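3D model of this:
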Amino acid sequence: MNSAPPPNRLNDFLVRCLVLAVGVTLATKLVPGIQCDDSLTLFVVVMLLSLFNAVLKPVLVIFTLPLILVTMGLGMAIINALLLFFVGRLVPGFVVDGFGSAIWGALVISATNLVASFLRRSRRRPPPAPPPFAPPPVRRGPPPGKDDVIDI
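Reported below is the predicted structural model:
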């Protein structure tokens, strides 16, 4: 019997958005060429990136699967950079100067997601161990060896 609580999708979504917001903020601080005017703009960027990651990214991954396989996963950085670059063109107040800045920003955001997922996994508790002296399972039916022979 599984005693783990059911996953809370809203909490998972909020945590992913928060991690994405931290990643975008770090990208604006670390990568020259990426700027964000204010927190409302950051909120719009995070929501739009979340939407693009949910809708556009799977389609792009399917179409670029050979590239992703040949580059051993580096194609995912290009897809993430394209999405970041596209959001920079759509959201006023969020500037991504060029594709090089978008690639570096995507790598910073991916590293932030990697660290956050590692921290979340390490905080999860393992399932509880069974009690040390559990009673043997109850066997139903005749004892072994009594009805094993077929009479003809």
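
stretch 85-105: end-to-end distance?
In terms of CA to CA, to the nearest Å, the two terminal residues of stretch 85-105 are separated by 9 Å.

and it, what's buried?
Buried residues in stretch 85-105, defined by neighbour count with 16 or more other CB atoms under 10 Å: 85-88, 91, 94-96, 101-105. All C-beta spots, glycine's among them, are computed from the backbone N, C-alpha and C.

hey, where'd the helices end up in the chain?
Here the chain has its helices, by DSSP state H, at 9-30, 39-63, 65-70, 74-90, 99-123.

tell me the most buried of the ones you listed?
Highest mean neighbour count of the helices of the chain: helix 74-90, a mean of 18 (counted as mean count of other CB atoms under 10 Å).

now that helix: mean pLDDT?
Mean per-residue pLDDT for helix 74-90: 91.

got it, and stretch 107-116?
For stretch 107-116, the mean pLDDT works out to 92.

contacts for it next, please.
15, 19-20, 22-24, 26-27, 30-31, 76-77, 80, 84 (CB atoms under 8 Å, 6 or more residues apart in numbering).

let me have the residues you listed in TSV, extended by distance to L65.
Compiled in TSV, these are given as follows (distance: CB to CB, whole Å):
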residue	distance to L65
V15	28
V19	26
L20	24
V22	29
G23	25
V24	27
L26	29
A27	26
L30	30
V31	28
M76	11
A77	15
N80	15
L84	21
